[in-house]
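Asker: sequence unavailable; structure follows:
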C-alpha cells in the first residue's frame, strides 16, 4: 500500500494503492456524488509543508480545484523525507520546487520513475542554488548584469583565488571594484550579503541577512572583506531605496512587486498580518520580455494549468474549458486632473549647521610635491584635488619629511615656510585618522610661479614653475546640523496631500507603521510607489550628509546615515549642477568684489551716494545693515579690536590649569579655537593697514558658531562682535553676488544656469513615462487613488546656489511687480530677509494645471536656536526660521486659489516663532470648486430631484489650521451620494467632496451611502 496523500479542499487522507483509485476520491468534487465517477487528472504537489500550506500556495490550489477534471494531491512532508520514491503517491503531472531541507535528488528520481508531466524543470533547480550558475544563465541570455568577479577559495583552483584588498577597493582576479561594492556568498541559500561603503561616505558595511522579526540588515563599522569562503564581488547598484521582485508565468506574463530595500535601514515594513509590505509595480515591455522568456524554465505559477489540460485532457478524453471567476480587483480612478492635484515638488536646499570653514594657501616647489602632482594626473588639467585618505596621508608624509630635514639642518634649501608646513601637519593630523570628507588639499600648477605682490619680493622670489597648495578643513556638518536636517525632513512631509492633517479621522486609510504618523500622506504615497523621489547633492561632505539626514526624516528611516547616503543620494557635481569652483570667479564677480571693497574702505559715514551705489535695488535688509554700520572702517576697527580681545581671553584660558582638559563643541580644543581666531586676526588687517573685506564672512561664521555652541566659555564681548560682524556680513555676502540687477543676473547665470535648466526639465517631464517603479493600478488593493503620482526632486547645495537662484526668481522678469500686488508683497518680504541661513530652501510646487506654480522660500535654521542667550534682539530684520515662509504664486489672487502649503505646527520642535507679520498672506475662500466629475454629479442630482435641499451640513471644529478653514456648505448630499453610488464612483466623489471641504470625513459619508 502507498502512504497517504491529502486532498487540499477537504483535508481528508487518501490511502489508495492505485492511480485509478486516486482519481476516484471525489471529496473535492462534491457535485459528482450520486453519479458515475469521471476520469480526473491528478496534479501532485511535492514540496515542504511550509511551502504547501503557505497563503500564496493555498490561493493557487483553491483556484486549481475549481477545474472540474483536476484533482490536487499534496505529498506529505513525512513521506517526502522518509519514504522511498516508489512509495510516493502517483500523479499525472507534478509541481515540485526546492526549499531549505527539501530532497531535490529524490524528486528527480521520482520524476524518472513515474514520468509525470513536469510543470517546472527539476534539474534547473540545481542551478538556482548557486549564484555563479544563475549569473552564467543571465549572461548567456543577454540580461544586463552589474560588473562582477567570482572569488573561488578552492585549493584545486588557486588561479581563481587572487584577492588584494585596499582601503577603498578590492582586486579580485585582476578585476578592481571600488567601494561601494557588494559581496555575495556563492551559495544562494546563504543570505549573508555584505555591502561595503567608501571612507568618503563614512566607511563600514551593511550586513544583510534572512529577515529576523522586523530586521533584515544591520550597519557595521567593519570595512574589511571576509577572508574565508567563496564570494561574488560586484558593483553596487543604487536603487533609490527600492527592491523589485519579479515572478514570471511562462513567456507571456510577469508580475512585479516592490518593497523597501533591506540595505537602506534594515527595518522591515510589515502589515497587520505580519507580512512584509509589498506593492505591485509596472514593468516595461522590454523588462517583461527578457525576464519571462529567459526564466520560464525556472519559475512556477498557476497559469501553467493550461499546459496540463492541453497535454493530458486528450489522453483521458476529457472536455475542458478554463473557468472564470469575478476577480475583486479594486480599479479605483484617481482625482488627477483637478486644479489642486499636486504633480511635482522641487526643492533647492542649503546644508545644515557646520563647523567654521578654514583655508590656508602656500606656494610649494619641492620635487616631492611635483611627483605627487604627476602621480594623480594633475598635469592633464593643471589642477588636482586630493581627498582620499591615502592621498592625504602622502601629503602628510611629505610634510613630516620636510620638517624633519628642516630641523636637522637650518641651512638646507627648503623653500616652504616652516610655519606653513607646521600648520599643514597639524591640520592633517587632526582627529588621529582620516575619515569622511573633512579635509582636502588642492594643488594648482603655476608655470611662472606665484605673481609678486610687492616690490620687496622681487629679490626673494625665484623664477620657474611652482604649485599653489590650498588646504581646506572644517565645514563639517555638526550634530545640530543633522538634527536640523532630520527635523526639516519630517516637516517637509506636510507639503504633500494628506500631510496637513496630522491625525486622520478615517484610520483605515493609513495602516501599519504610518497610522497616526505626522505627514503620513507622503509616507503612504512613497511606500505605495506613487512617489518618484530623486535626491541630488554636491560633492561636499556636509552637503551630502545633510541630504542623507533629510531623507532619513522625510521617509521615517532608521539607523546610520551611511547606507542612506549611498542608496538615496546621487552626486551631482557634473556640469556644475550643484558645485562651483570658487577659485575661478567670473569677470563680473571680480569687478563686483573690487567695487565692493572700494566702497567699504571709505573712512566716513555712508552718504546718500553710497546708498545708491551699494544698494541700488533698495533692499530693506541691506539698507538697514548700512544704517547699523554707518562708518565701515570704524566698524572694522571695532571688529579687529574685539578679535584681539577674544584671542587674549582664549590664551588666558589655556594657561588656566582648570581649562587643561576642556573640550569644546564637536571635540574642538582651546588650541584649535585659538588657531582659527589667530589666523583671522592675522589675515583681516593687512600690512598696509587696510582691511581684507573678504574675511568678514569668515569672522561672522566663526563668532556665530561660538555664540551658539561655545557660549559656556563665557568669553566677553562676543555678542557685540556678533552684532557688528553680522551687520558687515549682511552687506558683503549678498552683494558679492551682484550689486545691481544686471550684475546679479549675470553672476546667477554663471552659478546656477545648469540647475535652472534641470528644474525646467523636471517640470516638463512630470507627465512622462519614465523608468521608475510605479504602482500597478490593477492590483492596488487598499490604495484609494492608485493613479496619483507625485514627482519630487531635491537638490542640496551651498549658499552660492541659493543666492543665485533667488536672484533669478527676483530679477529675471518672472512676473511684473507693478501689475501683481501679491508678487510685489512677496518680493518685498524677500528684500527684508537679511540672511539665507542653514537649511534655507526654495520649493517649487507644480499642480495639474501647468499654469499654476507655487514657490516656497524658507525655512531655515537661525541663531535663535541657541536659546535665551541668543543674540537676536540686536536686529529685528526678518531672517528665515523654521516657521517662516513666503508663498509666491505667479498669478493674481483673483484668478487662482491658494496652493497647498506646509503648515508647521506651532510649538513644535522645529521652531517656536510664528509667521512673520510682514510675510504676505492669501485669504482662503470658504470652499474650493469641485472637479468636473463631481460637479456633473451634483448638477445631475439637483436636476433629477424636486425635493427640498438637504439641511445644511454642520462641520465639526478641529484644532488644525486646515480644519479651521472649513465652513458649513449647503449641499444636497443625500441626492449626490445616491447618484454617485449608481455611477459606481462613490469613492472618487467622496474624496472630491472631502478634499473640497464639503463633508467632514470619508467614514461619515460612507455611512450615509449605506443608509
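Answerer: In hand now; what should we look at? Keep in mind that what you see is a predicted model, and the values were worked out from it rather than measured.

Asker: so what pLDDT did residue 961 get?
Answerer: The model reports residue 961 with a pLDDT of 32.

Asker: residue 643: what's it in contact with?
Answerer: 677, 680, 681, 684, 699, 721 (C-beta atoms under 8 Å, 6 or more residues apart in numbering). (Each C-beta comes from the backbone N, C-alpha and C, glycine too.)

Asker: just checking, the third one touches residue 647?
Answerer: Yes - assessed by C-beta atoms under 8 Å, residue 681 is found in contact with residue 647 at 5.7 Å.

Asker: next up, phi/psi of residue 81, please.
Answerer: Dihedral pair for residue 81: phi -80, psi -30, per degrees, to the nearest 10.

Asker: closest to residue 804 out of the contacts of residue 643?
Answerer: Nearest to residue 804 among the contacts of residue 643 is residue 699, at 23.4 Å by C-beta to C-beta.

Asker: what number of residues lie near the closest residue to residue 129 other than its chain neighbours?
Answerer: Closest residue in space to residue 129, ignoring its immediate chain neighbours: residue 188 at 5.1 Å, by C-beta to C-beta, 6 or more residues apart in numbering. When neighbours are counted by other C-beta atoms under 10 Å, residue 188 registers 15.

Asker: okay, and residue 405 sits in which element?
Answerer: helix 389-408 (DSSP states H and E).

Asker: please identify the buried residues of stretch 550-568?
Answerer: For stretch 550-568, the neighbour count (16 or more other C-beta atoms under 10 Å) marks 550-557, 559-568 as buried.

Asker: and what of stretch 232-239?
Answerer: Going by neighbour count (16+ other C-beta under 10 Å), the buried part of stretch 232-239 is 232, 233, 234, 236.

Asker: cool, stretch 197-213 as well?
Answerer: Across stretch 197-213, burial judged by 16+ other C-beta under 10 Å covers 197-209.

Asker: tabulate the residues you listed in JSON lines, adding columns for pLDDT and distance to residue 664.
Answerer: Shown next, in JSON lines, are the buried residues of stretch 197-213 (pLDDT from 0 to 100; distance: C-beta to C-beta, whole Å):
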{"residue": "197", "pLDDT": "92", "distance to residue 664": "29"}
{"residue": "198", "pLDDT": "89", "distance to residue 664": "30"}
{"residue": "199", "pLDDT": "83", "distance to residue 664": "26"}
{"residue": "200", "pLDDT": "79", "distance to residue 664": "26"}
{"residue": "201", "pLDDT": "84", "distance to residue 664": "27"}
{"residue": "202", "pLDDT": "83", "distance to residue 664": "23"}
{"residue": "203", "pLDDT": "88", "distance to residue 664": "26"}
{"residue": "204", "pLDDT": "91", "distance to residue 664": "27"}
{"residue": "205", "pLDDT": "94", "distance to residue 664": "32"}
{"residue": "206", "pLDDT": "94", "distance to residue 664": "33"}
{"residue": "207", "pLDDT": "95", "distance to residue 664": "35"}
{"residue": "208", "pLDDT": "94", "distance to residue 664": "39"}
{"residue": "209", "pLDDT": "93", "distance to residue 664": "41"}
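
Asker: which among these gets closest to residue 690?
Answerer: residue 200 (40.1 Å).

Asker: wait, doesn't the closest one sit right on residue 392?
Answerer: No - Residue 200 is not in contact with residue 392 according to C-beta under 8 Å; the separation is 11.6 Å.

Asker: one step back: which secondary structure elements does whatever helix or strand comes next after the helix holding residue 405 sit against?
Answerer: Per DSSP H and E, helix 389-408 leads on to helix 418-428 as the next helix or strand towards the C-terminus. Where contact means 3 or more C-beta pairs under 8 Å, 6 or more residues apart in numbering; DSSP states H and E, helix 418-428 is packed against strand 357-364, helix 389-408, strand 466-474.

Asker: change it to 6 Å
Answerer: Counting contacts by 3 or more C-beta pairs under 6 Å, 6 or more residues apart in numbering; DSSP states H and E, helix 418-428 is packed against helix 389-408.

Asker: flag every buried residue along the helix it packs on.
Answerer: Residues of helix 389-408 classed as buried: 389, 391, 392, 394, 395, 396, 398, 399, 402, 403, 406 (neighbour count, 16+ other C-beta under 10 Å).

Asker: with pLDDT added, can I get those in TSV?
Answerer: Converted to TSV, the buried residues of helix 389-408 look like this (pLDDT from 0 to 100):
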residue	pLDDT
389	80
391	88
392	89
394	91
395	92
396	91
398	93
399	92
402	89
403	88
406	82
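
Asker: of all those residues, which comes closest to residue 617?
Answerer: Looking across the buried residues of helix 389-408 and measuring by C-beta to C-beta, the closest to residue 617 is residue 392, at 43.4 Å.

Asker: just the pLDDT at residue 873, thanks.
Answerer: Looking at residue 873, its pLDDT reads 34.

Asker: one step back: give me the subset of the buried residues of stretch 197-213 that lies in strands.
Answerer: Filtering the buried residues of stretch 197-213 for membership in strands, criterion DSSP state E, returns 205, 206, 207, 208, 209.

Asker: need the max-distance pair from the residues you listed.
Answerer: 205 and 209 (12.6 Å).

Asker: what are the boundaries of the strands in the stretch 751-900 of the chain?
Answerer: Counting by DSSP state E, counting those that start in this stretch, the stretch 751-900 of the chain has strands at residues 790-797, 841-847, 853-857, 886-888.

Asker: of those, which shows the lowest average pLDDT?
Answerer: When these are ranked by mean pLDDT, strand 886-888 comes last with a mean of 34.

Asker: distance check, the closest residue in space to residue 241 that isn't next to it in sequence against residue 110.
Answerer: Excluding its sequence neighbours, the residue lying closest to residue 241 (C-beta to C-beta, 6+ apart) is residue 264, at 4.6 Å. Here the criterion is C-beta to C-beta, to the nearest Å. By it, residue 264 lies 43 Å from residue 110.

Asker: cool, and residue 91?
Answerer: Distance of residue 91 to residue 110, computed by C-beta to C-beta: 9 Å.

Asker: please apply the same query to residue 628.
Answerer: The gap separating residue 628 from residue 110 is 91 Å, by C-beta to C-beta.
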